[in-house]
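**Student:** here is my input, please return the structure:
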Amino acid sequence: MGKRDADKAKKDALSKKGDAPDLRKLNRVQLLRLLRDATEENERLSTELAATKERLDEAERKLEDRRIAIEDSESLAEASLRLTGMFAAAQHAIDLYGYNVALNTSKNVSGGSLS
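**Tutor:** You can find the predicted model right below:
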């Protein structure tokens, strides 16, 4: 039986029961080809699965990095707002001190006694 006959027998076996071949009607060469094809397909799918898992892991790492960045940015924004309030209070204290120094200086210059 030649290659054409083997392929024809394989197609006939496949066409009678949909996708499931009637393995009893195939010879050794045809069975070995089916096994080889199935093995190659299995290897291809395993490789594809490994690549997909790798892409998934990378995507999960990027997502976690973004979550951390968002959490940090919220913390940084909150810290900035608190610092802004502290700077405003510090500026107010400096202004008040300057006012008091100026008031004291003007009292001393305008006739205050030095003891």
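
**Student:** which strands or helices does whatever helix or strand Gln30 lives in pack on?
**Tutor:** Taking DSSP states H and E as the definition, Gln30 sits inside helix 28-109. Other elements packing on helix 28-109 under the criterion 3 or more Cβ pairs under 8 Å, 6 or more residues apart in numbering; DSSP states H and E are helix 3-16. Just so you know, the C-beta spots here come from the backbone N, C-alpha and C atoms, and that holds for glycine as well.

**Student:** rounded mean pLDDT for the helix it packs on, please.
**Tutor:** The average pLDDT for helix 3-16 rounds to 59.

**Student:** now stretch 103-110
**Tutor:** 79.

**Student:** now find how far off-centre that stretch is within its chain.
**Tutor:** How far stretch 103-110 lies from its chain's middle: 66 Å, per Cα atoms, centre = their mean, to the nearest Å.

**Student:** likewise stretch 89-102?
**Tutor:** For stretch 89-102, the distance to the chain centre is 50 Å (Cα atoms, centre = their mean).

**Student:** buried residues in that stretch?
**Tutor:** Judged by neighbour count (16 or more other Cβ atoms under 10 Å), stretch 89-102 contains no buried residues.
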